[in-house]
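J.: this one's sequence-less:
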């Protein structure tokens, strides 16, 4: 199982892939506090990058929001949060991105 677009299976190299729907909830598997963001990062710094394990197996990385750094705990339940983010291309440039927030 692969999260995100793929053209072949990472285990056997087969091009026969099928799309499945993943649960919006998971468990915080790991996290880090990012103090030096990648170039062009549109959000506040520092921020939390969390790895959430979904019930189907994949681990998904995304920013963790609505949680103080002190309250973060490995194993805490998380849910998907879709948020609009202004992009550097211009004032009317916006994308919806996925993030994690505690349940």
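T.: That came in fine, so what should we check first? What you are looking at is a predicted structure, and each value in this text was computed from that prediction instead of being measured.

J.: what ranges does this structure have for its strands?
T.: Counting by DSSP state E, the chain has strands at residues 25-34, 47-53, 59-64, 77-86, 94-102.

J.: among those strands, which comes closest to residue 9?
T.: Residue 9 lies closest to strand 59-64 among the strands of the chain, at 17.2 Å (CB to CB). For glycine as for every other residue, the C-beta is placed from the backbone atoms N, C-alpha and C.

J.: between strand 94-102 and that closest one, find me the angle.
T.: Here strand 59-64 points in a direction 100 degrees away from that of strand 94-102 (axes from the mean of the first three to the mean of the last three CA atoms, to 10 degrees).

J.: residue contacts, residue 85?
T.: By CB atoms under 8 Å, 6 or more residues apart in numbering, the contact set of residue 85 is 42-43, 94-97.

J.: columns neighbour count on top of those residues, output as CSV?
T.: Formatted as CSV, these follow (neighbours: other CB atoms under 10 Å):
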residue, neighbour count
42, 11
43, 14
94, 12
95, 11
96, 8
97, 15
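
J.: nearest to residue 25, of those?
T.: Nearest to residue 25 among these, counting by CB to CB, is residue 97 at 17.9 Å.

J.: beta partners for the residue most central in space within the chain?
T.: Centroid-nearest residue in the chain: residue 62, 2.3 Å away (criterion: CA atoms, centre = their mean). Note on residue 62: beta-bridge partners residue 50, judged by DSSP bridges.

J.: again with residue 31
T.: Applying DSSP bridges, one finds that residue 31 bridges with residue 50.

J.: that one: how many residues sit nearby?
T.: 21 (other CB atoms under 10 Å).
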